[in-house]
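**Student:** please find the sequence and the predicted model below.
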Amino acid sequence: MSSENLLPLLMAGVAMAGILSGYRVALVLAGTATLFIVVSPLPFAFFNLIVSRIYANVLSNWLFVAIPMFILMGLVLEKSGVAERTLRAAQAALGGSAAGMGIAVLIVSVLLAASSGVVGASVVLLALLALPRMIEAGYPRSTSAGLVAASGTLAILIPPSVMLIVLGDQLNAPVPDMFGGAILPGLLLVGLYGGYIVWSARSIRGQPRPADSHEHGEARAMNGFGRRSLPGLALDIAPLVILVVAVLGSIVGGLATPTEASGLGALGAVLVTMLYGRFSFAMVLGAARDTVIATTTVGMVIVGATCFAAVFRGVGGDEMIRDALGALGGGPWLTLSLIMVTLVLLGFFLDWLEITLILMPIYGPIVAGLDFGNGLTGAPLLVWFGILVAVNLQTSFLTPPFGFSLFYIRGAIGDSVPTPQIYRGVLPFIGLQLVALVLLILFPGLVTAPL
C-alpha cells in the first residue's frame, strides 16, 4: 500500500465502520470529514470550501425542491386511502385467479411507484393489503413476500423517482432524460416479474380461489368491491392514472421542470382526495409532517455526503479509485463491470443514497471518458449509466441482511411470514433484476430510445 493511498483507505474504513455500527449516517459522514481535515495535511481553510460546497450544491439547488413535493404527493395518496382504493379495485378486476391476483399487485405497484416514488409507503401498503390475499389465492408465503418486496421497490426506479433526481444531479445528467430513460427499464422489470408470477401460478391452479370463498366474498362486499361495473372500476383507477400521466407527461414532454411537476403532483393528489371525499386538513397535516421528517433525513445525508466527498477528494480518494480501475486494464467494459459489481456488493450493507452521493461524483467522470462502442457520448451516455446504477441499486432494497424492503415487510406483517421465508422469496426477484441489468447493458436502446 502506497503512503498516498493510506488516508483515503482509512477514511473509507472509518466511514464504513461508523455506518455499520448503526450510528446516524449523516453524522458519520460529516464527522469523518471533520476528523480527516484535522489529521490530514489539508489546511483548516478547507472548512470554508465545504461550507461553500454545501450552499452551492445543496441549499441553493432548486432541483432538490422536487423531493419533498413528490414525497408529499405519495403520502397524501397513502394516508387518504386513495392508493388502497386503487389496489382493491385492481384486485377486484383481476383477482379471479391466482395469476390475476399477482398481476393485479404488479399493476397497482406501478401506479403507486409512478405516483409517489417512496419505497417504504409502497411496500407497507402492498404488504398489508395484497400479501394476505395472495396467500389466500394459494401462493406460497415466500413467493407472496418476494413479489410484494420487489414490486414495492419499483417506486425507486419508475418516475417520478427520488433516486433518479439525486442521480441526475450527481452525474450532471438532465433529470427529464433520466425520467424518460427509466420508463422502458421499469416496464421491463414489470414484465419479468409478471412472467415469473404467471409461471409460479401454474402450480396452484385448481385450488380454491379467493372469489370462491364465502368469507372472502363477504369481505369484498363489505369493502364495496365485490362486483364492480366497468364505470365503477374506471372511477376507482382513472384519477390516479390521469395524475401520473399529467406529472410524467409534463416532465418528459418538456412542458414543466421536475420541480414544477412535483408541485403539480402534490396539488393533483389533494384534488384526487377531494374527488373521492377523502380530504381532511388532519390528513394533509399528517402527510406534511411526515414529509418534513423524510425530507430532513434525506437533506442531512446529502449535506453529510457533500462534506465527506469533498474531503475524500482532498486526500486523494478519487485519484486512488481511478488508478485502481486503470491498473486492472481490460478497457471500458471491464471498468463498467467492476463498477457494477462494486455497487452490488456495497448494496448489501449501505443504502442507495450513501452510495450515490459518495461514489457517483467519482464514477461519473470516469464513465464519461470511456468509449463503449455503442454510439453513446455526452448526456445520453451518462443517462444510460445512471439508469444502470438505478437498476443496480434497486437490488439493495432486497438483498439481505440490510435490504430496507425486507425490514418494511417484517414491520408491516409481524410474524405471519418468517424472516427466512422472506429472504427465500426475494431471491428469484434479485435474479430477475440482475437479468434486467444485463439486458440494459447489452441493449442501451432500451434506455436511450425515449430520449
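**Tutor:** Received, thanks. Residues are numbered from 1 along each chain as shown.
**Student:** residue 249: what's it in contact with?
**Tutor:** residue 255 (C-beta atoms under 8 Å, 6 or more residues apart in numbering). Just so you know, the C-beta spots here come from the backbone N, C-alpha and C atoms, and that holds for glycine as well.
**Student:** list the buried ones in the helix or strand hosting it?
**Tutor:** Using DSSP states H and E, residue 249 falls within helix 230-252. Going by neighbour count (16 or more other C-beta atoms under 10 Å), the buried part of helix 230-252 is 236-237, 239-240, 243-244, 246-248, 250-252.
**Student:** neighbours of residue 127, how many?
**Tutor:** 24 (other C-beta atoms under 10 Å).
**Student:** packing partners for the helix or strand containing it?
**Tutor:** Element membership for residue 127 (DSSP H and E) is helix 119-129. Applying 3 or more C-beta pairs under 8 Å, 6 or more residues apart in numbering; DSSP states H and E, we find helix 119-129 packed against helix 66-79, helix 82-94, helix 98-116, helix 141-152, helix 404-413.
**Student:** most tightly packed of those?
**Tutor:** helix 141-152 (a mean of 27; mean count of other C-beta atoms under 10 Å).
**Student:** touching that helix from outside, list them.
**Tutor:** 102, 105-106, 109, 112, 119, 122-123, 126-127, 130-131, 134-135, 139, 193, 197, 200, 397-398, 403, 405-406, 408-409, 413, 416-417, 421-422, 424-429, 432-433.
**Student:** mind exporting the C-alpha coordinates of that helix to CSV?
**Tutor:** C-alpha atoms of helix 141-152 as CSV (Å, rounded to 0.1, in the frame of the first residue of the first chain):
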residue,chain,number,x,y,z
ARG,A,141,-45.8,-17.2,1.7
SER,A,142,-42.3,-16.8,0.4
THR,A,143,-43.4,-16.0,-3.1
SER,A,144,-46.0,-13.6,-1.9
ALA,A,145,-43.5,-11.7,0.3
GLY,A,146,-41.0,-11.7,-2.6
LEU,A,147,-43.4,-10.2,-5.0
VAL,A,148,-44.6,-7.5,-2.5
ALA,A,149,-41.0,-6.6,-1.7
ALA,A,150,-39.8,-6.5,-5.3
SER,A,151,-42.8,-4.7,-6.8
GLY,A,152,-42.7,-2.1,-3.9
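**Student:** outside of whichever helix or strand comes after it, which residues touch it?
**Tutor:** Downstream of helix 141-152, the next assigned helix or strand under DSSP H and E is helix 162-171. Residues from elsewhere that reach helix 162-171, judged by C-beta under 8 Å, 6+ apart: 61, 63-64, 66-67, 70-71, 117-118, 156-157, 173-175, 177-179, 182, 258, 298, 302, 352-353, 356-357, 360-361, 364, 382, 385-386, 389-390, 393.
**Student:** and the residues you listed, which are buried?
**Tutor:** 64, 66-67, 70-71, 117-118, 156-157, 173-175, 177-179, 182, 258, 298, 302, 352-353, 356-357, 360-361, 364, 382, 385-386, 389-390, 393.
**Student:** just the ones of the residues you listed in helices?
**Tutor:** Of the buried ones among the contacts of helix 162-171, the ones assigned to helices by DSSP state H are 66-67, 70-71, 175, 177-179, 182, 258, 298, 302, 352-353, 356-357, 360-361, 364, 382, 385-386, 389-390, 393.
**Student:** rewinding a little: buried among the contacts of helix 141-152? Need that as a selection in ChimeraX.
**Tutor:** Here is the ChimeraX command that selects the buried residues among those (16+ other C-beta under 10 Å):
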select :102,105,106,109,112,119,122,123,126,127,130,131,134,135,139,193,197,200,397,398,403,405,406,408,409,413,417,421,422,424,425,426,428,429,432,433
